[in-house]
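> just coords:
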């Protein structure tokens, strides 16, 4: 049986981490994060299989867990790196959800009306065409993805600059 709870590395992580929300289900913060990853994987699997209902359930669970993790990290001092990380994940998940909802509820049901050339010629900001309304989810998601990427660039630029001057708290 694999048990890493006695590892010095795992103990150090759990010592600094905030307590999980539901301590009767999750022994520590790492298990809570692992459940978040599991729900994210379920959400994406439902997208791949084209299940709009399954995706909606997985999306709501993942978004709720991400929001809860952000709330916990906001209230727990000394976790600003993780807080920023999860804020960026929130933007990423929201963008991912916007794209998937547009695809599952608009693109897939109207596949007969959308020619293959519309998919082949698709760009992030598409030129005016009669098929542009079918791709609104992708277009909106692109802006959220760009905002998440800009957050990462700003954060790591700040982090690298601060780390070269003095240790980050």
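Sure, I can see it. The shown structure was predicted, so the numbers you read here are calculated from the model rather than taken from an experiment.

> shaky segments in this protein?
Along the chain, the model assigns pLDDT under 70 to residues 1-6, 9, 13-14, 111, 119-127, 129-132, 167-169.

> buried ones in the longest helix along it?
Counting residues, the longest helix found in the chain (DSSP state H) is helix 136-165. By 16 or more other CB atoms under 10 Å, the buried positions in helix 136-165 come out as 137-142, 144-145, 148, 151, 155. Yep, even glycine has a C-beta here, placed from its N, CA and C like the rest.

> Closest one to residue 7 out of these, please.
The closest of the buried residues of helix 136-165 to residue 7 turns out to be residue 155 (CB to CB; 28.5 Å).

> my read: the closest one touches residue 82, true?
No. Using CB atoms under 8 Å as the test, residue 155 is too far from residue 82 to be in contact (11.7 Å).

> Could you report the neighbour count for residue 59?
By other CB atoms under 10 Å, 24 other residues sit near residue 59.

> Check the spacing between it and residue 106 real quick.
Remark: distance between residue 59 and residue 106 (CB to CB, to the nearest Å) = 16 Å.

> How about residue 80?
For residue 80, the distance to residue 106 - CB to CB - is 38 Å.

> Next: residue 41.
Applying CB to CB, the value for residue 41 to residue 106 is 24 Å.

> neighbour count winner among these two?
residue 106 (15 against 12).

> list the contacts for the more buried one?
Applying CB atoms under 8 Å, 6 or more residues apart in numbering to residue 106 gives the contacts 133-134, 136-137.
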